[in-house]
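Novice: Dropping the sequence and predicted coords here.
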Amino acid sequence: MAFFQNSSTAQTKSFEIKNGQFFYNNQPFEVHSGEMHYARVPKQYWRHRLQMLKAMGLNTVATYVFWNYHNTAPGVWDFKTDNRDIQTFLRTAQEEGLLVILRPGPYACAEWEFGGYPWWLLKDSNIVIRTNNQPFLDSCKNYLQQLATQVKPFLIKNGGPAIMVQAENEFGSYASQQTAIPKEQHKKYNNAILSLLKQTGFDVSFFTSDGSWLFEDGSLPGILPTANGEGNVENLKNAVNKYHNNEGPYMVAEYYPGWLHHWGEPFPNISAEEVVNQLETYLKNKISFNIYMVHGGTNFGFTAGANYDKEHGIQPDLTTYDYDAPISEAGWATPKFLAIRELMKKYSTSPLPAIPAPVPVITLPAIRFTKSAGLFELIEKIKPVIAGEVLSFEDLNQPYGYVLYSRKFTQPLKGELKLNGLRDFAIVYVNKKQVGVLNRMYNQYTLPIDIPFNATVDILVENMGRINYGAEIVHNTKGIISPVLIDDHHISGSWKMYSLPFDSMPTVTNTVAAIKGTPAIYTASFTAAKIGDVFLQMNNWGKGIVFVNGHNLGRYWNIGPQQTLYLPGAFIKKGKNSIVVFEQFNNISNPIIESVQQPVLKQLNLK
C-alpha cells in the first residue's frame, strides 16, 4: 500500500479505481477516512478539527454538502459566508494534507433538516422528491450546477484534494421503503442522478453506499458499491463482488463509532474497545473505511432533522451532533480518539502528527436576565395572515421556527380539541392561560378544552425539524396541516396566523417582566474577559432557543438527554456580548444561565 503523501506537494494528481484497488498517484492506496461536516463546525475551527483527523492517523476527510444550507430560497445561493464557504474548507483540507470525499446528494440524510432538501420544494405540487420526476430532477440539476462551479477546481484531476464523489445516498434503503414505486422507476431515478453529476462536471471516481443487503436497488452499473455499517469482511466482499465485476476495492463508507441522538431518549454509547477491534479488522484485511462520524459538531439554528418509528410520530434530533464520536462536539480528543490513534500508529510507516491543543474552555459569571417581553404582547406588532382555515408553514412561506395560530370564539364551546395534523409541538392557551401541550413525538394530538364566551384560543406550534430518513420524507409540511376540530366540529373562519421564524436574533426594548406561564423573550448581556468555548447550562429552563451575538445556538429542552448548549468561543467577543432566549413555557422563577466546564449530554429528565 502507498501511504499518503501531502497533496499540496505531490508531483502528480490522480485517483483511480481499477484492478480491484484504489490507486492514488498510480500507487495502491487504502482510504482511511473520517467524516465531518463543515456546516456543523464553526469556520474558525475547521483547521483545528482537520488537524485532529490527521493526528488520529487518517488520510481523508468525508463531508456531506447540504443543498438547503447553500440554497436558502429559490434563486438564492450562498457558498461564501461563514460555514458555507466550501472552497475554504476544501482548501484547508488540502493544506493539512488530507484527501476529500464529497457527498453532494442531492439527498444527504445525516440527521439534517429534510435530509438536505430545501424546504420550498414542498410548496410546488408538481415536484415529487427523490423519484424520477422531471421537475424534481430539474431542481437537482440546478443545485449540482451551482455546486460544481464551486468544487471543480478542487477535484483531483485539477490538482485538488477531492478524490471521490458519492452518487445519491443510501438509495437502496429508500427503494426498499417506497415499495409502491416500481423498481424500474427507482432505477431510472438513481441513474438520472449519476448522469446529472457527470453532466455538471463532477469528473471523478464515483461510489454508492448502502447496507450490503440493499445493493440490488442501491448500486449502479460500473460504479463501486460500498457497504455502510458492515462489520463482516466476508459479507462485504461477497456483496461488492456480486455488483462490481467480482472484484474490489472493498470499503465501508460509514463505520459507526457512535450513533445519533433524539430528544427524550437515552444517549447511546459504543465502547472504545469495540471500535478499535472493528477498525483493526478492517486494517488487517486492507478494507478502506470512513468513520461516520469522526467529529459530529453541532446542529446550530434549525438545522437538526428528525426520524420516526412505530411509537413516535417524530423523533427530533438533538442540537448536539456529538455522536459519541472520537472527536467530541467541542473538538476534544476522547478516550476513543486516543485508542484509535494508538491503533493507527501500528499501521503507519511514519510518525503521526502531535494532537493539537484543544480550544480553551471558559466559564462565565452567571448571566442574569433583566429584560423580557411576553410573546402575546410582541405579536401585536406583527401583521397576521388571516384565513378561513389554518395554514401550514409552507403556505405561510415560512421555513422554520414557530407559528402562533389564534382565533376568537364568540360562543362558548367545550369538548376535545383535536389537532390530528399537528407538526410538531403545540402549547395551547385559552385567554392567554396555558391549558395543555400536544406533542407529535408521543402521538399526543388531543386534549380537553373549555372555551368560555368571547374567549381567544392561541396555539403556539413549533417545527421541530423535518424528517430526514425513510418513506415519510415525502410528507414533511409543518404547522397544522389539517382542520382543527373540537369533538366533531370543524373550527373554521377568522384564523389569525403570526409567523415567528426567528431567522435573526430578536430584540427586546421594554423592561416589563413577561407573565409567568406564557412564552417570553429574555435578553441580557455578559462580559467575557477572555475568549474560549462555553457550555451553557439550560436544565433550569423549559424549552426554547438561544442566540448569542446573532448566532442561533439551537434548541434546548429540559427533558434531555442534552442539558447544555455549546457556545463556541468563535461566537464570543472579548468584552460585552448579547444573549437572547426564547422560552416557550416560561415557568422560570429566577431567569439566569450559568456555564459549566463539561457538557451534559446524557441526563434524561422525563416526568
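Specialist: Good, I have the coordinates. Small disclaimer: the values here were computed from a predicted structure and weren't measured. Numbering: from 1, shown residues only.

Novice: where's Y250 relative to E170, distance?
Specialist: 18 Å (Cβ to Cβ, to the nearest Å). In this view, the C-beta of every residue, glycine as well, is placed from N, C-alpha and C.

Novice: Which one's more surrounded, these two?
Specialist: When Y250 and E170 are compared for neighbours, Y250 comes out ahead with 27 against 22, by other Cβ atoms under 10 Å.

Novice: now the helices: where do they sit in the protein?
Specialist: Under the criterion DSSP state H, the chain contains helices at 46-55, 67-70, 86-95, 134-151, 171-177, 183-199, 215-218, 233-243, 272-284, 335-346, 375-378.

Novice: residues contacting the closest residue to G172 other than its chain neighbours?
Specialist: Among residues not flanking G172 along the chain, G218 sits closest, at 2.5 Å (Cβ to Cβ, 6 or more residues apart in numbering). Counting by Cβ atoms under 8 Å, 6 or more residues apart in numbering, G218 touches 170-173, 175, 190, 208-210, 225.

Novice: returning to what we had before: turn the helices of the chain into JSON lines, including distance to Q537 and mean pLDDT.
Specialist: Putting the helices of the chain into JSON lines (distance: least, Cβ to Cβ, whole Å; pLDDT from 0 to 100) gives the following:
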{"stretch": "helix 46-55", "distance to Q537": "25", "mean pLDDT": "98"}
{"stretch": "helix 67-70", "distance to Q537": "29", "mean pLDDT": "98"}
{"stretch": "helix 86-95", "distance to Q537": "31", "mean pLDDT": "98"}
{"stretch": "helix 134-151", "distance to Q537": "39", "mean pLDDT": "98"}
{"stretch": "helix 171-177", "distance to Q537": "38", "mean pLDDT": "97"}
{"stretch": "helix 183-199", "distance to Q537": "44", "mean pLDDT": "98"}
{"stretch": "helix 215-218", "distance to Q537": "43", "mean pLDDT": "97"}
{"stretch": "helix 233-243", "distance to Q537": "44", "mean pLDDT": "98"}
{"stretch": "helix 272-284", "distance to Q537": "27", "mean pLDDT": "98"}
{"stretch": "helix 335-346", "distance to Q537": "24", "mean pLDDT": "98"}
{"stretch": "helix 375-378", "distance to Q537": "24", "mean pLDDT": "92"}
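
Novice: Single out the most deeply packed of the ones you listed.
Specialist: Ranked by mean neighbour count, the helices of the chain are led by helix 67-70 with a mean of 24 (mean count of other Cβ atoms under 10 Å).

Novice: what residue ranges in the stretch 301-450 of the chain are flagged as low confidence?
Specialist: Within the stretch 301-450 of the chain, no stretch has pLDDT under 70.

Novice: Centroid-nearest residue for the protein?
Specialist: Centroid check for the chain by Cα atoms, centre = their mean gives W112 as the closest residue, at 2.6 Å.

Novice: Is that one bridged to anything, and to what?
Specialist: Beta-bridge partners for W112, by DSSP bridges, are A304.

Novice: Check the spacing between it and T303 real quick.
Specialist: For W112 relative to T303 (Cβ to Cβ), the value is 6 Å.

Novice: where do the contact lists of these two overlap?
Specialist: With Cβ under 8 Å, 6+ apart as the test, W112 and T303 both reach 39, 66.

Novice: Look up phi and psi at E96.
Specialist: phi -90, psi 10 (degrees, to the nearest 10).

Novice: so what's the closest residue to it other than its chain neighbours up against?
Specialist: Leaving aside its chain neighbours, E96 sits nearest to L50 (4.5 Å; criterion: Cβ to Cβ, 6+ apart). Residues near L50 by Cβ under 8 Å, 6+ apart: 36, 61, 92-93, 96, 98.

Novice: Repeat that for A239.
Specialist: By Cβ under 8 Å, 6+ apart, the residues touching A239 are 212-213, 215, 225, 227, 230.

Novice: One more pass at 7 Å, please.
Specialist: By Cβ atoms under 7 Å, 6 or more residues apart in numbering, A239 lies in contact with 212, 215, 227.

Novice: Kindly report the same for P249.
Specialist: Listed by Cβ under 7 Å, 6+ apart, the contact partners of P249 are 17, 20-22, 224, 288.

Novice: Which phi and psi values does it adopt?
Specialist: Torsion angles, degrees, to the nearest 10, at P249: phi -70, psi 160.

Novice: And the pLDDT at it?
Specialist: At P249, the model reports a pLDDT of 98.

Novice: For L214, see how far away it is.
Specialist: 19 Å.

Novice: Find the nearest non-adjacent residue to F171, please.
Specialist: Per Cβ to Cβ, 6+ apart, closest to F171 is G218, 4.6 Å.

Novice: Which residue lies closest in space to F425, excluding its sequence neighbours?
Specialist: The shortest distance from F425 to any non-neighbouring residue, by Cβ to Cβ, 6+ apart, is to E462 (4.3 Å).

Novice: can you pull the buried residues of stretch 94-113?
Specialist: Under the neighbour-count criterion of 16 or more other Cβ atoms under 10 Å, stretch 94-113 has 94, 96-113 buried.

Novice: Give me the distance from it to the chain's centre.
Specialist: Between the centre of stretch 94-113 and the centre of its chain there are 13 Å (Cα atoms, centre = their mean, to the nearest Å).

Novice: quick thing: my sequence starts at 44, can you match it?
Specialist: From this message on, residue numbering opens at 44, which makes the last subject stretch 137-156.

Novice: now do the same end-to-end measure for it.
Specialist: Chord length of stretch 137-156, first to last residue, is 29 Å (Cα to Cα, to the nearest Å).

Novice: what about W584, neighbour count?
Specialist: W584: 24 neighbours (other Cβ under 10 Å).

Novice: I'd like to know how far it sits from L543.
Specialist: 18 Å.

Novice: rewinding a little: okay, the helices of the chain in TSV with distance to L303 next?
Specialist: As requested, these are exported to TSV (distance: least, Cβ to Cβ, whole Å):
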stretch	distance to L303
helix 89-98	19
helix 110-113	18
helix 129-138	23
helix 177-194	25
helix 214-220	15
helix 226-242	24
helix 258-261	20
helix 276-286	23
helix 315-327	16
helix 378-389	16
helix 418-421	31
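
Novice: about what we covered before: please identify which of the contacts of L93 is nearest to Y599.
Specialist: M79 (23.7 Å; Cβ to Cβ).

Novice: Excluding chain neighbours, what is closest to the closest one?
Specialist: Leaving aside its sequence neighbours, M79 sits nearest to H338 (Cβ to Cβ, 6+ apart; 4.2 Å).

Novice: Dig out what the one you found forms beta bridges with.
Specialist: Beta-bridge partners of H338, counted by DSSP bridges, are I370.

Novice: which residues touch it?
Specialist: So H338 contacts 79, 92, 95, 368, 370 (Cβ under 7 Å, 6+ apart).

Novice: Any chance of a markdown table for the residues you listed, columns distance to S238?
Specialist: Output for these, formatted as a markdown table (distance: Cβ to Cβ, whole Å):
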| residue | distance to S238 |
| --- | --- |
| M79 | 29 |
| R92 | 34 |
| M95 | 37 |
| A368 | 34 |
| I370 | 36 |
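
Novice: V319 touches M387, doesn't it?
Specialist: No. Here V319 lies out of contact with M387, judged by Cβ atoms under 7 Å, at a distance of 9.8 Å.

Novice: Run through the bridge partners of the nearest residue to I334 once chain neighbours are set aside.
Specialist: Counting by Cβ to Cβ, 6+ apart, I334 lies nearest to G77, which is 4.5 Å off, once chain neighbours are set aside. Judged by DSSP bridges, the bridge partners of G77 are V104, I334.

Novice: Next: E59.
Specialist: On the basis of DSSP bridges, E59 is bridged to F66.

Novice: if we can go back for a sec, for the contacts of H338, which one is nearest F452?
Specialist: A368 (50.9 Å).

Novice: Surely that closest one touches M336?
Specialist: Yes. Between A368 and M336 there is a contact at 4.5 Å, judged by Cβ under 7 Å.

Novice: ok, back up a step: could you say which one of the helices of the chain comes nearest to G458?
Specialist: Closest among the helices of the chain, using Cβ to Cβ: helix 418-421, at 24.2 Å.
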